[in-house]
Structure formats: C-alpha cells, structure tokens
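Enquirer: give the three-dimensional model of this entry:
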Amino acid sequence: MRDQSEYIEKLASTVIDTAFHLHRDLGPGLLESVYEAVLAHELGARGLMVERQKPVPVHYQGVVLDEGFRLDLLVEKRLIVELKSVEELHPVHPKQVLTYLRLMDLPLGLLINFGAPLLKQGLKRVVNRHEERREERVTLSR
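Expert: Numbers count the residues shown, from 1 in each chain. Coordinates of the predicted model:
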C-alpha cells in the first residue's frame, strides 16, 4: 500500500511540474482544450500513459450509464487530472473531482486552473478518503 501511495505522489509531482512549465511558457487564458492537449503530450513525452476524455460510467441500481462523465486526463490509470481555464475556481470544481475519484475508486486527483495568474493559485489536490468514512455511512431505505 505504501509503495502505491508513493507512486501516486510521484505521478502527482510529475504532473504539477509539467503543468508549471506549461503555464509559465503559454501563460493563462487559453482554452482548456489547448492545455489538455499540450499537457497530455508533455506527460506522454515523460513516459507516462495518459488517457484524454476518459469516460466514467455511473452504476445505479444495477444499470450502467456510460454517458456519465468524462475525465480530462487519467494518468497511469491511477491519477485524475481535471483542468480548468477560468478566472477563479468555485466550490463545485473540487466536488466534481471528488465525485470522479469516488466513481473510479481512486485516492487522489489534481484540479489545475490554468486561468490563474500563478499556477500555485490554481492548483488543488483532492483526496478521496472514502475508506476512512466507511463506518460513518448511513443506509437509507425507500
């Protein structure tokens, strides 16, 4: 387990470093799709497997809805990277990443806003701590 979390942290560090250089070189204000394409390319050049616009199915009462969500980037099948290019992040943005993490049963996601003047102002780590809250869950009946 420790090796797995260390690997995910290393992936996150690589993504953040790559995003930093990308933001420095291109600056804020481009379309999200441009940052997505270039970041995916650069991460691939660093030897990482990156899936763009990865579908995330929703399972509900035995039905699989394939038109659920699409992740911007899934790195090495372990790290979700959600990109924005907006003036400021809103509370719904990290919630969106947390939903993706829960649906995919992954521990960590990065929310990166390339619209921020400095990348560190637009960077958020989102952690899925569903294992810690398992005992707290309440089952509702219909």
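
Enquirer: for residue 65, pull up the helix or strand it's in.
Expert: Counting by DSSP states H and E, the element that carries residue 65 is strand 63-75.

Enquirer: repeat that for residue 97.
Expert: Secondary structure from DSSP H and E places residue 97 in helix 92-104.

Enquirer: which residues are in contact with that helix?
Expert: With contacts defined as CB atoms under 8 Å, 6 or more residues apart in numbering, helix 92-104 is touched by 56-58, 68-69, 71, 80, 82, 84, 106-111, 113, 124, 126-128, 130. Heads up, the C-betas are built off the backbone N, CA and C, glycines and all.

Enquirer: how about stretch 77-84?
Expert: Here stretch 77-84 makes contact (CB under 8 Å, 6+ apart) with 7-8, 11-12, 15, 32, 35-36, 39, 49, 51, 71-75, 93, 96-97, 100-101, 104, 106, 108-115, 122.

Enquirer: then stretch 42-58?
Expert: With CB under 8 Å, 6+ apart, stretch 42-58 has contacts from 11, 14-15, 18, 21-22, 36-37, 40, 64-77, 100, 103-104.

Enquirer: give me the angle between the helix or strand bottoming out on mean pLDDT in the chain and helix 92-104.
Expert: Least confident helix or strand of the chain, by mean pLDDT, DSSP states H and E, is strand 63-75 with a mean of 87. Relative orientation of strand 63-75 versus helix 92-104 (axes from the mean of the first three to the mean of the last three CA atoms, to 10 degrees): 110 degrees.

Enquirer: check which residues of strand 63-75 are buried.
Expert: Buried residues in strand 63-75, counting neighbours by 16 or more other CB atoms under 10 Å, are found at 71, 72, 73, 74, 75.
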